[in-house]
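Peer 1: Sequence and predicted structure are below.
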Amino acid sequence: MAQYDLEIFQRDLEALGIALSGEQTGQFLRYYELLLEWNGRMNLTAITEYQEVLKKHFVDSLSLVKVCRPARGDTLIDVGTGAGFPGLALKIAFPGLKVTLLDSLNKRIQFLNAVIEELKLTDVEAVHGRAEDHAAPGRGRETFDFCVSRAVAHLSTLSEYCLPFVKKGGQFIAYKSEKGPGEVADAQKAISVLGGRVRESVEFTLPDSDIHRNLVVVEKVQKTPAKYPRKAGLPSREPIRETGKKPERQGAS
């Protein structure tokens with residue numbers, strides 16, 4: 001493996017209160033290398049510069065610790081995981097997590113499986129499918145302690161994709177930009193209908209940067225009605241909202 005400057009990465013992790021072993025650090029570096037290799041064959045990310053990947057993908061993913069610190073044995077699903085952010089990064093940093101990476105594009109699943117195999121990770125699976133299908137009874141519905149997503153979708157739409165996966169007492173955590181608070185206000189109706197309640201919305205900047213982030217934490221307080229999520233396309237075309245309200249379509253960055 002090539003030699004990499006880890007000073008900024010380690011400083012960022014220290015700011016988050018995260019300490020990685022040498023093996024975990026090596027896994028992140030190999031993940032970066034595989035991301036670059038596969039990005040030449042498919043469009044995984046527009047961010048490829050070494051320090052930017054560490055900051056904007058890895059550290060950003062691990063910023064979950066601002067609102068919770070997963071425990072060994074916790075189950076987590078990452079909806080619309082893409083190249084594995086945040087779910088696969090969280091799995092590396094918290095190996096005791098049991099992680100499901102869900103994405104609708106099979107090429108991304110192939111990449112994720114290659115990373116999982118290369119890094120010799122266990123208790124993690126990459127699943128090809130849509131949230132509307134995988135959240136059906138008998139599959140992933142209401143079986144997870146945590147659902148996370150960095151997907152580009154308004155919170156009202158994202159809640160319909162994600163809250164059905166969360167068991168009562170669990171949490172759906174959305175990674176958002178600085179526009180998160182406005183989305184929370186627009187999504188209150190959807191979150192309530194889907195069995196959730198906003199616990200907090202935490203604003204911050206990534207360590208040593210001016211990159212604004214917002215983590216919206218939604219607690220699952222009751223079961224999601226059986227009619228949700230609706231069939232493919234409806235959550236984005238017709239989001240649950242107060243009559244007459246039209247939420248902005250800008251999502252996470």
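Peer 2: That came through, no problem.
Peer 1: so who does A15 touch?
Peer 2: P207, D208 (C-beta atoms under 8 Å, 6 or more residues apart in numbering). (Glycine included, C-beta is placed from N, CA and C.)
Peer 1: which SSE is it in?
Peer 2: helix 7-16 (DSSP states H and E).
Peer 1: I'd say S149 and D78 touch.
Peer 2: Yes - counting by C-beta atoms under 8 Å, S149 does reach D78; the two are 6.7 Å apart.
Peer 1: what residues are up against the most centrally placed residue in the chain?
Peer 2: Centroid check for the chain by C-alpha atoms, centre = their mean gives S149 as the closest residue, at 3.0 Å. Counting by C-beta under 8 Å, 6+ apart, S149 makes contact with D78, V79, G80, L158, Y161, C162, F172, A174, Y175.
Peer 1: repeat that with 6 Å
Peer 2: V79, G80, L158, C162, A174 (C-beta atoms under 6 Å, 6 or more residues apart in numbering).
Peer 1: from the middle of its chain, how far away would the helix holding A15 be?
Peer 2: 21 Å (C-alpha atoms, centre = their mean, to the nearest Å).
Peer 1: following it, which helix or strand comes up?
Peer 2: Next helix or strand after helix 7-16 toward the C-terminus (DSSP H and E): helix 22-39.
Peer 1: need the next SSE after that following helix, C-terminal direction.
Peer 2: Later in the chain than helix 22-39, the nearest helix or strand by DSSP H and E is helix 50-53.
Peer 1: could you pull out the strands for this structure?
Peer 2: Listed in chain order, the strands of the chain (DSSP state E) span 75-79, 98-103, 124-128, 144-149, 166-176, 196-205, 212-220.
Peer 1: I'd like those as CSV, with mean pLDDT and distance to D60 appended.
Peer 2: Formatted as CSV, the strands of the chain follow (pLDDT from 0 to 100; distance: least, C-beta to C-beta, whole Å):
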stretch, mean pLDDT, distance to D60
strand 75-79, 98, 13
strand 98-103, 98, 17
strand 124-128, 98, 19
strand 144-149, 98, 12
strand 166-176, 98, 7
strand 196-205, 96, 11
strand 212-220, 97, 7
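Peer 1: what would these look like in CSV with distance to V115?
Peer 2: Below are those laid out as CSV (distance: least, C-beta to C-beta, whole Å):
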stretch, distance to V115
strand 75-79, 13
strand 98-103, 10
strand 124-128, 9
strand 144-149, 18
strand 166-176, 20
strand 196-205, 28
strand 212-220, 24
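Peer 1: Nearest to G26, out of those?
Peer 2: The minimum distance between G26 and the strands of the chain falls on strand 124-128, with 17.2 Å, by C-beta to C-beta.
Peer 1: mind listing what that closest one pairs with, with the direction of each?
Peer 2: strand 98-103 (parallel) (DSSP bridges).
Peer 1: show me where pLDDT drops low in the stretch 151-253 of the chain?
Peer 2: Applying pLDDT under 70 to the stretch 151-253 of the chain picks out residues 242-253.
Peer 1: Helices of that one, start to end?
Peer 2: With helices called from DSSP state H, counting those that start in this stretch, the stretch 151-253 of the chain shows them at 155-162, 180-193, 234-237.
Peer 1: List the buried residues of the second one.
Peer 2: Looking back up the chat, that one is helix 180-193. For helix 180-193, burial by neighbour count (16 or more other C-beta atoms under 10 Å) applies to G180, G182, E183, V184, D186, A187, Q188, K189, A190, I191, V193.
Peer 1: and what of the last one?
Peer 2: Buried residues in helix 234-237, counted by 16+ other C-beta under 10 Å: P235.
Peer 1: helices or strands next to that helix in the packing?
Peer 2: helix 155-162 (3 or more C-beta pairs under 6 Å, 6 or more residues apart in numbering; DSSP states H and E).
Peer 1: Can you work out which other helices and strands pack against the helix it packs on?
Peer 2: Against helix 155-162 (3+ C-beta pairs under 6 Å, 6+ apart) you get strand 144-149, strand 166-176, helix 180-193, helix 234-237.
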